[in-house]
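**Q** Show me the folded form of this:
(one chain, ligands or ions: 2)
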Amino acid sequence: MKTKLLSPGEVGKAADIIRSGGLVGIPTETVYGLGANGLDPTAVRSIFQAKGRPQDNPLILHIPDPSWLERYCEDIPEAVWLLAKRFWPGPLTMILKCKRHTPDKQSVSHTGPWVIPEVVTAGLDTVGMRCPAHDICRAIIEAAGVPIAAPSGNTSGRPSPTSVTDMLEDMDGKIDAVVDGGVCQVGVESTILDLTCTPPRLLRPGGISLEELRDMLGEVELDPAILRPMGEGEQPRAPGMKYRHYAPKAPVIVVKGSPARSAAYILEHLSPTYWDGVICFDEFAGWYPGHPVECLGGTLDQWEQARRLFHALRAMDEAGVKRIWAQSPDTAGMGLAVVNRLDKAAGFHIIEV
Ligand code: TXA
Ligand code: MG
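**A** Ligands and ions are numbered 1, 2, ... in the order given. From the prediction side, this is the model:
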């Protein structure tokens, strides 16, 4: 299949492809997504195929405004409307009770019935809803007139794409088109908040911080899968959190501690003969001559670190390094999302200094 590269002016074409059951790479403010008509089970199945995604990992739906929630969800708690008012459009996905399922084979029309096929939710009775804050993405959803099911646009297990080039690296030849919407402004995937339990539970940290959510909701629990690997028999609430993720080809070692100490530790342990790469804060860019280095941004600029992280992991693959050493920020604010992605990329191979 030849993958068309569409310009921002070709939103209508992208929407047509989606309405007719095709797959389109769509820009969002977080990462690029791999979008299909969320009401069309056959189209949704082809997402799993293009990504090589395990069937038990549900997809989230992208909608243009909160009013669409009532079409697909029930028992919506009051807090959802407050969250939507404050954080939507934006990088927050809410897990809500899904209205009802019908068998996969049912024919769909574009105006109704408003039924989410089982393949979207992987059989769960809940569904993730997200209202993205990217003009092109919003225009595509509106023109398509259907909720767009979209996981991140990477091959399963790889770092999520934050530019059209990274998206094509994984999906060229496997999908109908990709729309160029520039570089993603957030750079890590949306915050996922489960609102089907009390207190609400953070399943994945992202562009809306835990502090912001607690500020508004009071108590918010942290799913254990965010900070540690799941033990045998343990199930994370977001099925996707159990897989190795965000991983470049080379093994990653995360070094935690004050930036000066972690930088020094990495310098001490870099092998002169082994092809080691380093992901570090800007302040330490000059410390590792002779080794491929990717800078994450300044030590205190967690937003920049989030924006650059996935591309840095991909760049290490391109450099062909054998092993990656990475500095890590602390978990305040956006730091939690960066730490979570780094820890998972490393398979929780962490050294505290
Ligand atoms: O920023 C984002 O959220 C991006 C852009 C494209 O919107 N999308 C994204 O989708 O990251 P994906 O599929 O890569 O990650 C969604 C995560 C997965 O870990 C999945 O297991 C979890 O959400 N998830 C989906 N539906 C769920 C549900 N009903 N209950 C719990 N977790 C769910
Ligand atoms: Mg993903």
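
**Q** where do the helices sit along this protein?
**A** For the chain, the helices defined by DSSP state H occupy 11-19, 41-51, 69-72, 78-87, 118-121, 135-144, 164-171, 210-217, 259-269, 302-319, 335-345.

**Q** mind putting those in CSV, distance to ligand 1 and mean pLDDT included?
**A** To be clear about C-beta, it is placed using only N, CA and C from the backbone, and glycine gets the same treatment. Shown next, in CSV, are the helices of the chain (distance: least, C-beta to the nearest ligand atom, whole Å; pLDDT from 0 to 100):
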stretch, distance to ligand 1, mean pLDDT
helix 11-19, 14, 98
helix 41-51, 9, 98
helix 69-72, 12, 96
helix 78-87, 13, 98
helix 118-121, 6, 96
helix 135-144, 8, 98
helix 164-171, 10, 97
helix 210-217, 15, 98
helix 259-269, 28, 98
helix 302-319, 11, 96
helix 335-345, 11, 96
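
**Q** Comparing the ones you listed, which comes out most buried?
**A** Each of those was scored by mean neighbour count; the highest is helix 335-345, a mean of 24, by mean count of other C-beta atoms under 10 Å.

**Q** Now do that helix: which elements does it pack against?
**A** Packing contacts for helix 335-345, counted by 3 or more C-beta pairs under 8 Å, 6 or more residues apart in numbering; DSSP states H and E, involve strand 252-256, helix 302-319.

**Q** Identify each buried residue in stretch 83-103, please.
**A** For stretch 83-103, a neighbour-count test (16 or more other C-beta atoms under 10 Å) marks 83-84, 87-99, 101 as buried.

**Q** and the closest residue to S163 other than its chain neighbours, how far is that from G52?
**A** Once flanking residues are discounted, S163 sits nearest to V183: 5.0 Å by C-beta to C-beta, 6 or more residues apart in numbering. Distance, V183 to G52, by C-beta to C-beta, to the nearest Å: 25 Å.

**Q** Repeat that for D317.
**A** 17 Å.

**Q** and this protein, which residues reach ligand 1?
**A** Applying C-beta under 6 Å from any ligand atom, one finds that the chain approaches ligand 1 through 28, 30-31, 33, 57-60, 93, 95, 121, 124, 126-128, 130, 132, 150-152, 189-190, 192, 203, 237-241.

**Q** Give me the neighbour count for the residue nearest to S163.
**A** By other C-beta atoms under 10 Å, 15 other residues sit near V183.
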